[in-house]
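Colleague: Quick one, what's the 3D model for this:
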Amino acid sequence: MEYLCEKCQKPLQRKHGKNGPFWSCSGYPECKFSLYDLGGAPITLRCSECGELLRGGANAHGPYTYCLNKDKHSNGQAHFFDATGQPRKPLQANGEFFCPECEGALDYIMVKGKPAFICRNEKGHESGVARFFSDNGGAPQL
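Modeller: Sure thing, here's the model as predicted:
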């Protein structure tokens, strides 16, 4: 299947870079348009909140897409989607949990494809960095 550049309508070419495959306009260097690759096809999906083109990745749960444009997201976080661009279901913790060191609220997040808890209150920790806690079925292991 042929994919066309959305800027100049020339064919896109699949190339291999230091971070893996990607799609580049055949009109390069005049046209520098490129897309991320997901399973051998360019990702033309856009973030449902900010409109930026999505990036792609894969983990133990399979392929996914994401947007790192945190400054344009209402919650200031990266947004993750499935391979078709549909928002991933947010994780649901089994209650509200707080950091044992600073008493800040813990967020339930995915880290390297696994659920975990994080306290983002860096200033409240002696180490000066965010604290992570392992997941124990929807509750943090404190």
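Colleague: Show the contacting residues for the residue nearest in space to the middle of the chain.
Modeller: In the chain, the centroid-proximal residue (Cα atoms, centre = their mean) is Y66; its distance is 3.7 Å. Residues near Y66 by Cβ atoms under 8 Å, 6 or more residues apart in numbering: 54-57, 78-81. Glycine gets a C-beta too; all of them are placed from N, C-alpha and C.
Colleague: how about 10 Å then?
Modeller: Y66 sits next to 36, 47, 54-57, 78-81, 88 when contact means Cβ atoms under 10 Å, 6 or more residues apart in numbering.
Colleague: most surrounded residue in those residues?
Modeller: With neighbours taken as other Cβ atoms under 10 Å, the top of the contacts of Y66 is L54, carrying 24 neighbours.
Colleague: ok, it - contacts?
Modeller: 35-36, 38, 43-48, 64-69, 79-81, 83, 85.
Colleague: Filter those residues down to just the buried residues.
Modeller: When these are checked for burial by 16 or more other Cβ atoms under 10 Å, the buried set is 35-36, 38, 43, 45, 47, 64-67, 69, 79-81, 83, 85.
Colleague: quick one on the thing from earlier: what's the lowest-pLDDT member of the contacts of Y66?
Modeller: Lowest pLDDT of those: R88, 78.
Colleague: how close does it sit to G128?
Modeller: 31 Å (Cβ to Cβ, to the nearest Å).
Colleague: Include distance to F133 when you put the contacts of Y66 into CSV, please.
Modeller: As requested, the contacts of Y66 are exported to CSV (distance: Cβ to Cβ, whole Å):
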residue, distance to F133
Y36, 32
C47, 29
L54, 29
R55, 27
G56, 29
G57, 24
A78, 20
H79, 23
F80, 20
F81, 26
R88, 21
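Colleague: Would you map the strands across this protein?
Modeller: Secondary structure of the chain by DSSP state E: the strands cover 12-17, 20-25, 34-38, 41-42, 55-59, 62-67, 79-82, 107-111, 114-119, 131-134.
Colleague: I'd like these laid out as TSV, including distance to M1.
Modeller: Shown next, in TSV, are the strands of the chain (distance: least, Cβ to Cβ, whole Å):
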stretch	distance to M1
strand 12-17	10
strand 20-25	12
strand 34-38	14
strand 41-42	8
strand 55-59	17
strand 62-67	18
strand 79-82	21
strand 107-111	32
strand 114-119	35
strand 131-134	42
